[in-house]
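Student: Fold the stuff below for me.
(chains A and B)
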Amino acid sequence: MTTKRSRSGFRRIATAVVTVAALGGALVACAPQAGAGTAEGSASDLEAALEAGGTITYWSWTPSAEAQVAAFEKAYPKVDVKLVNAGTNTEEYTKLQNAIKAGSGAPDVAQIEYYAMPQFALSDSLLDLSAYGLDELEDQYTASTWGSVNIDGKLYGLPQDSGPMALFYNATVFDQFGIAVPTTWDEYIAAGEQLHAADPTKYITSDTGDSGFATSMIWQAGGHPFDVDGADITVDLADEGSAKWADTWNQLLEKDLLSDIPGWSDEWFKGLGDGTIASLVVGAWMPGVLESSVPDAAGDWRVAPIPTYDGEPVSAENGGGGQAVLKQSKNPALAAAFLEWLNSDPESIKIFGESGGFPSTVAELESEDFVNQESEYFGGQKINEVLTQAASDVLPGWSYLPYQVYANSIFGDTVGQAYANKSDLNAGLATWQKQLVDYGNEQGFDVKG
Amino acid sequence: MSRIAYAGAPRNASPRTRKSITLTVLMSVFLIYTLVPLLWLVINASKTQADLFTTFGLWFGDEFVLGQNIVETLTYRDGIFVRWLGNTLLYVVLGAGGATLLATVAGYGLAKFRFPGRRAVFAIVLGAIAIPGTALAVPTFLMFSQLGLTNTPWAIIIPSLISPFGLYLIWVYAVDSVPTELLEAARMDGAGEFRTFFTISIRLLAPGIVTVLLFTVVATWNNYFLPLIMLSDPAWYPLTVGLDQWNDQATGAAADPIYNLVLTGSLLTIVPIVVAFLVLQRYWQSGLSAGSVKQ
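Tutor: Below is the predicted model of the structure:
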């Protein structure tokens, strides 16, 4: 544990460092004349670039990247794609910010999650892909993922996967204790109480404070804590939706119904396998993770719609991301052409799906084959019926901060403290808000809170 | 030398027969505290990923697959681990070796030659010891990015060359262990300063040099923060950052945990440093006490 903590401490410093460095440039970017250096190009340039060939670098940590690149190189033998795993999520962003700050060393194409997209977009590091006509692909993607890569009217990336939230639960444990699948959050809390009372070693779920989860839950509760209009930002983590989530989650927290096993640790995977953690509220990409990393629990897990506050179906995106072309790219047309293939060509999307990814493309989400697929791991359940429904229930209109990577890195010091002390999450959110406002203003944004 | 090492111990008529139960207990507790994580690492490096998640942490799993784990660690993703090991060795040889050389030459010079500005150098070196490397990482990064050296091995090697603590140690050590009379005699006999240094002084300084070498080797081997921010190409990672990247694979939408390889890799990573300690530890002892007493 200690190692883990100090490691994330280092990480936090590193994130802070690069964010400071990047946002130095961000302010310039926010000035009206931003956009200098935008490549001039058109759709026909992409074909020409693929014909001409060349070498580009692609940063990604998705397990399917290798197979996708191989398939691309087979289809376009003149193009050489150098695939680099520069780290998983925040680690890659640190590297990316460093390369941007250093002025060289950035890849041509990089994987960036939705929550981090605004940070790179507003620091003027990404290419506006509409210059190559990629904005015409809009109809191919779900509204929420398309919205996540469109920032200030510019297209900064193409969506790869999506993570509409659903309730994953261990049916064996639920059945054993006679717990009905909850449809509202009140029922969820009641289920948590019932389970923990019947077997004190078991918890309805584990949560030690995860920024991605918290923001998604606020999203689902109808909150809009981050309002971004260019450099004018309003942070309101006490708005109706935020408070609604905090008040609900407070009940689980204060009654000690949340397991304190940190997410993604070895203990966590273990807990998912042996029933210690009986359910997860998480993005639709979770089945792939469960299948490959918790094989012992095959047959135990099922999927249900995410519980809601009033019984009306509503969901939010949790995780997921896309790819973007970096402004540093020396061959932006080729990079854009690769990106277009990567996230819209049926062959590429098929490879991505087979590796357990959950698509962001309408065609796949609506295809009969996909929806009716029976998952052996989930005891033959047609899980995609639930998950695609979740995708269409996602609330529109959410936005992240243009310094969300930094924001998430200080979540543990603020809201995480409320988790650790089992105290009011609203107070934790208020501390987070204050630090976000202060930080944003220091960086030259005009932040109100 | 050994007399100096024990100079701090109480001079008792029969030191060998005296035993303190408190100290023995304290020592045992400390020993357990130190060895349990190591034991845990060895045990768990022998498990499959599935056993890691399902079996008791401080005992062996259902299968003993240490050999298989080692093979997998060395071959995973086209043997990137071997590449990282090579990088770490490169940084240690050039960085720690260079740092020791510079510290030796500079420390000796400051101890044995009188020149204007000595006191200023002394103050700067002492001040430099007080500044943690982490605090300098950001300015160093910005400077290196201006020079276009980020994402190259130089970004790790050059900062590793500076060891104010090593310099100070050699300085203090040289004052006592290299008699000025000896140097004067050498000069009388017509030996140049370089010849004196390489044939006489360097031998007298040997224990001090080894101590500094050990310090800098450990520091460079374990260096994490600097390469973390300087490098973006995994091909140049040292083991520390590389293992962290493997560990992070277990997170998020495309989670692909390889904890068994992370553990086996960690075990392989500490083996060379343990060996270095065992071989060099006697120099370490005597070197540390140098300068602590007046002869």
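Student: residues from the stretch 151-300 of chain A in reach of chain B?
Tutor: A:161, A:163, A:264-266, A:269-270, A:273-274, A:283, A:285, A:288-289, A:292-296 (C-beta under 8 Å from any C-beta of the partner chain). The C-beta positions use only the backbone N, C-alpha and C, and glycine is treated the same way.
Student: Next step: the residues you listed restricted to helices.
Tutor: A:266, A:269-270, A:273-274, A:288-289, A:292-293 (DSSP state H).
Student: And the furthest pair within the residues you listed?
Tutor: A:274 and A:288 (20.4 Å; C-beta to C-beta).
Student: Which one's more surrounded, these two?
Tutor: Set residue A:274 next to residue A:288 and count neighbours by other C-beta atoms under 10 Å in any protein chain shown: residue A:288 wins out with 23 against 18.
Student: pLDDT score assigned to the more buried one?
Tutor: We have a pLDDT of 89 for residue A:288.
Student: May I have the residues that are in contact with it?
Tutor: A:355-358, B:254 (C-beta atoms under 8 Å, 6 or more residues apart in numbering or on different chains).
Student: Next up, identify which helix or strand the residue in the stretch 301-449 of chain A that chain B sits nearest to is on.
Tutor: Nearest residue of the stretch 301-449 of chain A to chain B (C-beta to the nearest C-beta) works out as residue A:319 at 4.5 Å. Following DSSP states H and E, there is no helix or strand that holds residue A:319.
Student: Show me the domain layout of chain A.
Tutor: For chain A, the structural domains run A:2-162+A:319-366, A:165-316+A:397-448, going by automatic domain parsing.
Student: Tell me which of those sits nearest to residue B:117.
Tutor: Of those, nearest to residue B:117 by C-beta to C-beta is domain A:2-162+A:319-366, at 34.2 Å.
Student: Give me the average confidence score over the closest one.
Tutor: 84.
Student: How far away from the center of its chain is it?
Tutor: 14 Å (C-alpha atoms, centre = their mean, to the nearest Å).
Student: swap in stretch A:306-318?
Tutor: With C-alpha atoms, centre = their mean, you get 17 Å for stretch A:306-318.
Student: Show me what counts as buried in it.
Tutor: Using 16 or more other C-beta atoms under 10 Å in any protein chain shown as the test for burial, stretch A:306-318 gives A:306-309, A:314-318.
Student: and what of stretch A:256-264?
Tutor: A:257-259, A:261-264.
Student: Mind picking the one among the residues you listed that's closest to residue A:389?
Tutor: Closest to residue A:389, out of all of those and judged by C-beta to C-beta, is residue A:263, at 25.1 Å.
Student: which ones are touching that closest one?
Tutor: So residue A:263 contacts A:206-208, A:210, A:213 (C-beta under 8 Å, 6+ apart).
Student: How about residue B:248?
Tutor: A:87-89, A:91.
Student: hmm, back to that, would you confirm that the residue of the stretch 301-449 of chain A closest to chain B contacts residue B:253?
Tutor: Yes: Residue A:319 lies in contact with residue B:253 (C-beta atoms under 8 Å); the separation is 4.5 Å.
Student: residues bridging contact with the two, i.e. touching both?
Tutor: What both residue A:319 and residue B:253 touch, as defined by C-beta under 8 Å, 6+ apart, is the set A:113, A:163, A:283, A:285.
Student: Out of the residues you listed, who's the most crowded?
Tutor: That'd be residue A:163 among those, by other C-beta under 10 Å, with 31 neighbours.
Student: Leaving out chain neighbours, which residue sits closest to that residue?
Tutor: residue A:283 (2.5 Å; C-beta to C-beta, 6 or more residues apart in numbering or on different chains).
Student: Surely the one you found and residue A:165 touch.
Tutor: Yes: counting by C-beta under 8 Å, residue A:283 does reach residue A:165; the two are 5.9 Å apart.
Student: low-confidence ranges in chain B?
Tutor: B:1-17, B:283-295 (pLDDT under 70).
Student: neighbours around the residue of the stretch 301-449 of chain A closest to chain B, how many?
Tutor: When neighbours are counted by other C-beta under 10 Å, residue A:319 comes out with 24.
Student: Could you list which residues are in contact with the residue lying closest to residue B:150 once chain neighbours are set aside?
Tutor: Closest residue to residue B:150 apart from its sequence neighbours, by C-beta to C-beta, 6+ apart: residue A:102 at 4.6 Å. Counting by C-beta under 8 Å, 6+ apart, residue A:102 touches B:145, B:148, B:150-151.
Student: Which of the contacts of residue A:263 fall within strands?
Tutor: residue A:206 (DSSP state E).
Student: What is the nearest of the contacts of residue A:263 to chain B?
Tutor: residue A:210 (10.4 Å).
Student: Please report how far the closest one lies from residue A:430.
Tutor: 19 Å (C-beta to C-beta, to the nearest Å).
Student: And the two? Which one has more around it.
Tutor: A direct count of neighbours by other C-beta under 10 Å for residue A:210 and residue A:430 places residue A:210 higher, at 22 against 19.
Student: ranges for the helices of the stretch 1-150 of chain B?
Tutor: In the stretch 1-150 of chain B, the helices defined using DSSP state H, counting those that start in this stretch lie at B:2-5, B:21-44, B:49-54, B:66-91, B:97-112, B:118-130, B:133-147.
Student: Go through those helices and name the closest to residue A:194.
Tutor: Using C-beta to C-beta, the nearest of the helices of the stretch 1-150 of chain B to residue A:194 is helix B:49-54, at 26.3 Å.
Student: Return the set of buried residues in that closest one.
Tutor: Neighbour-count burial for helix B:49-54 [16+ other C-beta under 10 Å]: B:49-54.
Student: what about the residue nearest to residue A:163, distance to residue A:408?
Tutor: 16 Å.
Student: quick one: residue A:433 and residue A:242 touch, right?
Tutor: No: Residue A:433 is beyond contact range of residue A:242, at 9.1 Å (criterion: C-beta under 8 Å).
Student: so what sits against both of the two?
Tutor: A:225, A:236.
Student: Comparing those two, which shows the higher neighbour count?
Tutor: Applying other C-beta under 10 Å to residue A:433 and residue A:242 shows that residue A:242 carries more neighbours, namely 26 against 21.
Student: quick one: contacts for the more buried one?
Tutor: A:218, A:221, A:223, A:225, A:236, A:429.
Student: What is the burial count for the residue nearest to the third one when sequence neighbours are not counted?
Tutor: Which is residue A:223. Leaving aside its sequence neighbours, residue A:223 sits nearest to residue A:241 (C-beta to C-beta, 6+ apart; 2.4 Å). Residue neighbour count, defined by other C-beta under 10 Å, stands at 20 for residue A:241.
Student: what about residue A:241, distance to chain B?
Tutor: 24 Å (C-beta to the nearest C-beta, to the nearest Å).
Student: Check which element follows whichever strand or helix holds that residue along the chain.
Tutor: Assigned by DSSP H and E, residue A:241 falls within helix A:240-254. Note on helix A:240-254: by DSSP H and E, the next helix or strand toward the C-terminus is strand A:258-259.
Student: Residues in contact with the helix or strand containing residue B:194: which ones?
Tutor: Counting by DSSP H and E, the element that carries residue B:194 is helix B:193-196. Defining contact as C-beta under 8 Å, 6+ apart, one finds that helix B:193-196 is touched by B:183, B:186-187.
Student: Let me know whether my guess that residue A:281 is in a strand holds.
Tutor: Yes: assessed with DSSP: H, G, I helix; E, B strand; the rest coil, residue A:281 lies in a strand.
Student: neighbours around it, how many?
Tutor: Count around residue A:281 with other C-beta under 10 Å applied: 23.
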